[in-house]
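# How does the following fold in three dimensions:
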Amino acid sequence: MDDMKACVITRTEPGAHATAEAVRGLGLTPLIMPAARVEITPATLDLTGVQALLMTSAAAARAIQVTKTLKALPLYAVGDATAEAAVAAGFENVISAGGDGATLAVLAADRMSPRNGALLHLRGREVAGDVTGMLRACGFEARHVEVYATHDNPDFKTSISEQLTDQSGFILIHSPAGGRRLAAAVSDSVMNLGAWHVVGLSSACIKPLEELGFKSINVADSPDEEALMATLRDEVEKQSLE
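Numbering: from 1, shown residues only. As a prediction, the model looks like this:
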């Protein structure tokens with residue numbers, strides 16, 4: 001493998017493969033090493049009095065069976081990737097906040113009234129922000145249902161340790177939990193972290209990695225895949241000039 005041509009993708013499937021295609025387009029060799037695995041959890045959706053749904057990850061869209069009742073409700077998605085996954089799953093009235101959890105909460109509070117019913121957040125067990133809490137502070141009845149859970153990938157530490165010891169390149173972090181899992185995997189090992197450039201989807205994604213000795217850490221201008229790839233492209237070009 002050519003020096004500085006590897007790009008480790010810590011995202012879970014199936015999103016990791018979509019990211020890999022974009023990485024290939026930048027002339028890098030994608031290495032898919034999911035830090036976690038997704039497990040669908042049994043969930044009963046009580047839609048009584050619900051005026052709209054909230055969703056903060058594409059995994060949530062893939063974890064539920066979309067019924068006619070669900071289709072009839074507007075769904076507010078945290079960003080474009082989640083919105084696209086919701087549409088693919090069968091939701092028909094999908095609105096993208098184009099940001100993070102706080103952006104989603106602000107949009108929902110602006111577009112809707114507490115008088116019109118409750119808001120139901122379809123989410124995973126791990127979340128980056130308290131969307132329901134923010135909406136409750138605005139006077140809404142907001143509740144959540146866990147429709148999936150992410151668990152540590154038991155093979156991640158071994159695979160990432162071997163890769164970071166012997167190679168150099170880039171690492172993509174798509175979630176705060178992914179950042180924490182990477183930090184846990186590398187913090188007690190002797191690795192060549194100074195040969196690796198980290199690019200994260202948000203500042204929360206890279207915060208656990210800031211003091212570990214990576215060569216550089218960069219954050220996308222906005223928390224979406226297009227901005228992440230743009231930041232990675234800029235970093236690749238910068239390194240090619242050094």
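# so what does the lowest-mean-pLDDT helix or strand in the chain touch, helix or strand wise?
Across the helices and strands of the chain, the lowest-confidence element by mean pLDDT, DSSP states H and E is helix 156-166, at a mean of 88. Helix 156-166 sits against strand 6-9, helix 176-186, with contacts defined as 3 or more CB pairs under 8 Å, 6 or more residues apart in numbering; DSSP states H and E. In short, each C-beta sits where N, CA and C put it, glycine included.
# what does the longest strand along the chain contact?
Using DSSP state E to assign secondary structure, the strand with the most residues in the chain is strand 142-152. If you take CB atoms under 8 Å, 6 or more residues apart in numbering as the criterion, strand 142-152 is touched by 12, 35-41, 43-46, 54, 59-60, 63-64, 118-126, 131-133, 135-136, 177, 181.
# now do stretch 191-207
So stretch 191-207 is contacted by 8, 100, 128, 161, 164-176, 178-179, 186, 209, 212-220, 223-224, 228, 231-232, 235, 239 (CB under 8 Å, 6+ apart).
# List buried members of those residues by neighbour count.
Neighbour-count burial (16 or more other CB atoms under 10 Å) is assigned, among the contacts of stretch 191-207, to 8, 100, 128, 164, 167-176, 178-179, 186, 209, 212, 214, 217-220, 223-224, 228, 231-232, 235, 239.
# how far away is residue 24 from residue 232?
12 Å (CB to CB, to the nearest Å).
# which parts of the longest helix seen in the chain are buried?
Of all the segments of type helix in the chain, defined by DSSP state H, the longest one is helix 225-241. Neighbour counts over helix 225-241 (16+ other CB under 10 Å) mark 225, 227, 228, 229, 231, 232, 233, 235, 236, 239 as buried.
# gap between the residue lying farthest from the centre of the chain and residue 128?
When distances are taken from the C-alpha mean of the chain, residue 115 lies farthest, 31.8 Å away, according to CA atoms, centre = their mean. From residue 115 over to residue 128 the distance is 29 Å, taken as CB to CB.
# What of residue 182?
15 Å.
# same thing with residue 230?
21 Å.
# same deal with residue 135?
For residue 135, the distance to residue 128 - CB to CB - is 15 Å.
# in the protein, which spans are helices?
Under DSSP H, the chain gives helices at 15-24, 58-63, 68-71, 80-89, 101-111, 131-137, 156-166, 176-186, 203-206, 225-241.
# hang on, the earlier thing: which secondary structure elements does the longest helix of the chain sit against?
Applying 3+ CB pairs under 8 Å, 6+ apart, we find helix 225-241 packed against helix 15-24, helix 80-89, strand 169-173, strand 196-200, strand 216-219.
# what pairs with the last one, and is each one parallel or antiparallel?
Spelled out, it's strand 216-219. strand 196-200 (parallel) (DSSP bridges).
# Could you export the strand it pairs with as PDB, CA atoms only?
Only the C-alpha atoms of strand 196-200 are listed here, as PDB (Å, rounded to 0.1, in the frame of the first residue of the first chain):
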ATOM      1  CA  TRP A 196      -2.400   9.400  11.000                       C
ATOM      2  CA  HIS A 197      -4.700  12.300  10.300                       C
ATOM      3  CA  VAL A 198      -8.200  12.200  11.800                       C
ATOM      4  CA  VAL A 199     -11.200  13.800  10.200                       C
ATOM      5  CA  GLY A 200     -14.400  13.900  12.200                       C
END
